[in-house]
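J.: This is a predicted model, with the sequence first.
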Amino acid sequence: MALRVTFVAAARSSPLLAERFEDDRPLDRAGWDEVMRAAGDLLPLAAAELRYCSPTPRSRATGDALGYAPLAQLALRECDMGRWRGLTLGEAMAREPEAVDAWLADPRSAPHGGESLLGLITRVGGWLDTRPVGADGRIVAVAEPSVIRAALVYALKAPPATYWNLDVRPLSTTTVTGRAGRWNLRFDQAAV
């Protein structure tokens, strides 16, 4: 049986330009309001037999607010950003411009002392490939946008640089179907 894994991007906890690497902040009021506005469309995903989330406070809070009661998965954590943890991209660029350039150009590099982009993609892909097949094959996972981007690159067997061209918006959904090593991106018809 094929799996259907629907990723729900966690609600935002800060303005986009203030997003920080490995941001552990909880949902702010705007994030809670976004979840409540989107709840009607996202609540049906709670029927999935298996429900997971990234271990971040905002992923857990998003999943709980939607009634998913998700199980946190360490493999769905954000990329380990080493000494850049807590910085914005602009702050990291101001401190170490050559290192940031190297990190953006080479998916194997980890000049920050943490995990490489390729390491993130491989880790998230390994999680995806090891999901158990339940009775109905449906899984929902609330995750940070960076984790969903990594899952998509893995599922599509795209070059790692594709990661930088994917835009995952807060509370958006992305579905992949298939099984280990053989995934497809699924686009559902919008309700009319």
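T.: Noted; the coordinates are in hand.
J.: pLDDT below threshold where in the protein?
T.: Scanning the chain for pLDDT under 70 picks out the ranges 14-18, 134-135, 189-192.
J.: ranges for the strands of it?
T.: With DSSP state E as the criterion, the chain has strands at 3-9, 50-53, 71-72, 138-143, 173-179, 182-186.
J.: ok, and what's touching the third one?
T.: The contact list for strand 71-72 (CB atoms under 8 Å, 6 or more residues apart in numbering) reads 51-55, 59-60. Where you see a C-beta, it was placed from the backbone N, CA and C, and this is true even at glycine.
J.: ok, 6 Å please
T.: 52-53, 55 (CB atoms under 6 Å, 6 or more residues apart in numbering).
J.: And the helices in this structure?
T.: Per DSSP state H, the chain carries helices over the ranges 29-42, 57-65, 89-95, 97-105, 117-129, 145-156.
J.: Looking at these, which is nearest to Ala75?
T.: Closest to Ala75 of the helices of the chain is helix 117-129 (CB to CB; 3.8 Å).
J.: on that earlier part again, what would the helices of the chain look like in TSV with mean neighbour count?
T.: Below are these laid out as TSV (neighbours: other CB atoms under 10 Å):
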stretch	mean neighbour count
helix 29-42	15
helix 57-65	22
helix 89-95	14
helix 97-105	14
helix 117-129	20
helix 145-156	24
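J.: mind putting the contacts of strand 71-72 in a markdown table, distance to Leu66 included?
T.: As requested, the contacts of strand 71-72 are exported to a markdown table (distance: CB to CB, whole Å):
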| residue | distance to Leu66 |
| --- | --- |
| Tyr52 | 13 |
| Cys53 | 10 |
| Pro55 | 17 |
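J.: Which of those ranks first by neighbour count?
T.: Cys53 (26 neighbours; other CB atoms under 10 Å).
J.: distance of it from Ile139?
T.: Distance of Cys53 to Ile139, computed by CB to CB, to the nearest Å: 11 Å.
J.: Equivalent analysis for Gly63, please.
T.: Gly63 is 13 Å from Ile139, by CB to CB.
J.: what does Ala151 give?
T.: 12 Å.
J.: one step back: looking at the strands of the chain, which is closest to Leu89?
T.: strand 3-9 (18.4 Å).
J.: Centre of the chain to that closest one, how far?
T.: Distance, stretch centre to chain centre, for strand 3-9: 10 Å (CA atoms, centre = their mean, to the nearest Å).
J.: Adjacent strands (with direction) for it?
T.: strand 138-143 (parallel), strand 173-179 (antiparallel) (DSSP bridges).
J.: got the buried residues for the last one?
T.: The neighbour-count check on strand 173-179 (16 or more other CB atoms under 10 Å) flags 173-178 as buried.
J.: what does that strand contact?
T.: 2, 4-8, 148, 155, 183-186.
J.: can you put those residues in TSV and add distance to Glu78?
T.: Putting those into TSV (distance: CB to CB, whole Å) gives the following:
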residue	distance to Glu78
Ala2	28
Arg4	24
Val5	18
Thr6	19
Phe7	14
Val8	16
Ile148	11
Ala155	18
Trp183	21
Asn184	25
Leu185	22
Arg186	24
